[in-house]
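Chemist: How does the following fold in three dimensions:
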Amino acid sequence: MRVHFALVLALLPVSAWAQDAQVDKSVIAACFDKAPPGAVDPDCIGMAAGICEAKVGSTTVGISSCAMAEAAEWDTILNREYKATRDQFAKIPGIGDQLQAAQRGWIALRDADCQIAYDRFEGGSMRSIASANCRMQHTAHRALELRNMREP
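Modeler: Below you'll find the predicted structure:
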């Protein structure tokens, strides 16, 4: 019982840091907006997570929480871009279904790639950072790819 209580006390600050991990959405929006047509890997991906990390601390939990927070914002953009692309493709018979199948395939690829990123570190603390960064990068790239699929 005493060990369990000590573990809970030890994790309390970690939970507080993770909850404070918030990214500036305007940094991510600017990154998306400023990426030139055809670009899928602008240097600004991860910038909001870096700013967040400076506020919450460069701990494993802080770094991975900030990357997850940025990934969540990129996911919001991705969903918006998926809908806009699907709406534009609705004019072409069958292509909306192809886009949906591609998106499902992309989700499986992202999940498998990020599981590899996690598993590579065999229980080390770096695994959560690697997995969170993988998810952020994949999601940002896919949001830009979806935008690039549409006609200007």
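Chemist: tally of neighbours for D111?
Modeler: A count of nearby residues for D111, using other Cβ atoms under 10 Å, gives 13. Using the backbone N, CA and C atoms, a C-beta is placed for each residue, glycine as well.
Chemist: Can you find the helix or strand in the protein with the smallest mean pLDDT?
Modeler: Of all helical and strand segments in the chain, the minimum by mean pLDDT, DSSP states H and E falls on helix 2-20, at a mean of 39.
Chemist: which residues are in contact with the next helix or strand after that one?
Modeler: Using DSSP states H and E, the helix or strand that follows helix 2-20 towards the C-terminus is helix 25-34. Residues outside helix 25-34 that contact it (Cβ atoms under 8 Å, 6 or more residues apart in numbering): 42, 44-45, 47-48, 51, 70, 73-74, 77, 140, 143-144, 147.
Chemist: Identify the residue nearest D41 in space, chain neighbours excluded?
Modeler: Leaving aside its sequence neighbours, D41 sits nearest to H141 (Cβ to Cβ, 6 or more residues apart in numbering; 6.3 Å).
Chemist: What is the helix or strand hosting the one you found packed up against?
Modeler: Under the criterion of DSSP H and E, H141 resides in helix 126-149. Contact analysis of helix 126-149 by 3 or more Cβ pairs under 8 Å, 6 or more residues apart in numbering; DSSP states H and E lists helix 25-34, helix 60-89, helix 95-119 as its packing neighbours.
Chemist: Report the rounded mean pLDDT for that helix.
Modeler: The average pLDDT within helix 126-149 is 97.
Chemist: next one: stretch 65-76
Modeler: Average pLDDT, stretch 65-76: 97.
Chemist: for it, which positions count as buried?
Modeler: S65, C66, A67, M68, A69, E70, A71, E73, W74, D75 (16 or more other Cβ atoms under 10 Å).
Chemist: quick revisit: do I have it right that the residue nearest to D41 meets A39?
Modeler: No. Checked against Cβ atoms under 8 Å, the pair H141 and A39 is beyond contact range at 9.8 Å.
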